[in-house]
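Participant: any chance you could fold what I've pasted below:
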Amino acid sequence: MKQGIIFDMDGTLWDSAENVAKSWNLVIEESGLLEKTLTAEDISGVMGKTMDVIADILFAELPLEERGKLLEACCTRENDYLREHGGILYDQVEETLRVLKQKGYDLYIVSNCQSGYIEAFLDYYGLRELFGDIECYGNNLLQKGENIRLVADRNTLDEAVYVGDIQGDYDASRMAGVGFIHAAYGFGTIEEEVPEIHAFAELSDIDIPAYMK
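Facilitator: So this is what the prediction gives:
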């Protein structure tokens, strides 16, 4: 039986909010379109949302077309910045991922991010070898639940569980028909009662198959 663990990124594997804010502020200043400085809290508050929604929230002062152009420039700079500077990797992520691989689980990432963001994360930390597949909103404009299902299907998973930190992650797992584990140390809470971990390393100790679908 092929069993997969599919991970969200922000609030689950790492916290990149501070460096994302730094990279976006460089672009905003260069553009001359806005007089504002984004904080890490601004960025973490929209993480998990699709990029078009993020633009509507953070750049609401701008006309729709200019929002899109500024967002595209920010995302391009962000990928380059994170590939060079990284973010805050949660404790024991790499060690735990390697343990999960040794136990026979196939590992994947699905995020609502732009194209290139997951790759920047994997390149900075040298983790590409651990993941069998990745997918994101920026590649195909599909919602997270659709991309979770897409990854599960194209990798012929018999069972899978999604690990994420916000309500939208849980909702996406339900849409995709996979199990869910809440990364309760991340950015959000879940309205329903769900299995949860309070540190990433706990994944190596819990009964993951019990939560798969």
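Participant: so residue 94 touches residue 124, yeah?
Facilitator: No. Counting by Cβ atoms under 8 Å, residue 94 does not reach residue 124; the two are 11.8 Å apart. C-beta here means a position set from N, CA and C on the backbone, and glycine is covered the same way.
Participant: between the two, who's got more neighbours?
Facilitator: residue 124 (17 against 14; other Cβ atoms under 10 Å).
Participant: packing partners for the top helix by length along the chain?
Facilitator: Identified as the longest helix of the chain according to DSSP state H is helix 64-85. Helix 64-85 sits against helix 17-31, helix 51-58, helix 117-125, with contacts defined as 3 or more Cβ pairs under 8 Å, 6 or more residues apart in numbering; DSSP states H and E.
Participant: buried set for that helix?
Facilitator: 67-68, 70-71, 73-75, 77-79, 81-83 (16 or more other Cβ atoms under 10 Å).
Participant: stretch 183-195 too?
Facilitator: Buried, per 16+ other Cβ under 10 Å, within stretch 183-195: 183, 184, 185, 186, 187, 188, 190.
Participant: quick one, what contacts the second one?
Facilitator: The reference is to residue 184. Counting by Cβ atoms under 8 Å, 6 or more residues apart in numbering, residue 184 makes contact with 165, 196, 197, 198.
Participant: wasn't residue 160 part of a strand?
Facilitator: Yes. Checked against DSSP: H, G, I helix; E, B strand; the rest coil, residue 160 lies within a strand.
Participant: any idea how far residue 62 is from the residue of the chain positioned farthest from its centre?
Facilitator: For the chain, the residue at maximal distance from the C-alpha centroid (Cα atoms, centre = their mean) is residue 32, at 29.5 Å. To residue 62, residue 32 is 12 Å away according to Cβ to Cβ, to the nearest Å.
Participant: before we move on, back to that, what's the farthest-apart pair in the buried residues of helix 64-85?
Facilitator: 67 and 83 (24.7 Å; Cβ to Cβ).
Participant: so the protein: which segments form each domain?
Facilitator: 3-15+89-211, 17-85 (automatic domain parsing).
Participant: and the shortest one, how far from the chain's centre?
Facilitator: Put plainly, it is domain 17-85. Relative to its parent chain, domain 17-85 has a centroid offset of 16 Å by Cα atoms, centre = their mean, to the nearest Å.
Participant: now stretch 120-136
Facilitator: Worked out by Cα atoms, centre = their mean, stretch 120-136 lies 12 Å from the chain centre.
Participant: what comes into contact with that stretch?
Facilitator: For stretch 120-136, using Cβ under 8 Å, 6+ apart, the contacting residues are 4, 9, 13-14, 16, 78-80, 82-87, 89, 94, 97-98, 101, 106-115, 117-119, 147, 150-151, 154-155.
Participant: unless I'm mixing things up, residue 44 is touching residue 16, no?
Facilitator: No. Judged on Cβ under 8 Å, residue 44 makes no contact with residue 16 at a distance of 9.2 Å.
Participant: what sits against the spatially closest residue to residue 87 that is not a sequence neighbour?
Facilitator: Closest residue to residue 87 apart from its sequence neighbours, by Cβ to Cβ, 6 or more residues apart in numbering: residue 16 at 3.2 Å. By Cβ under 8 Å, 6+ apart, the residues touching residue 16 are 10, 82, 86, 87, 88, 121.
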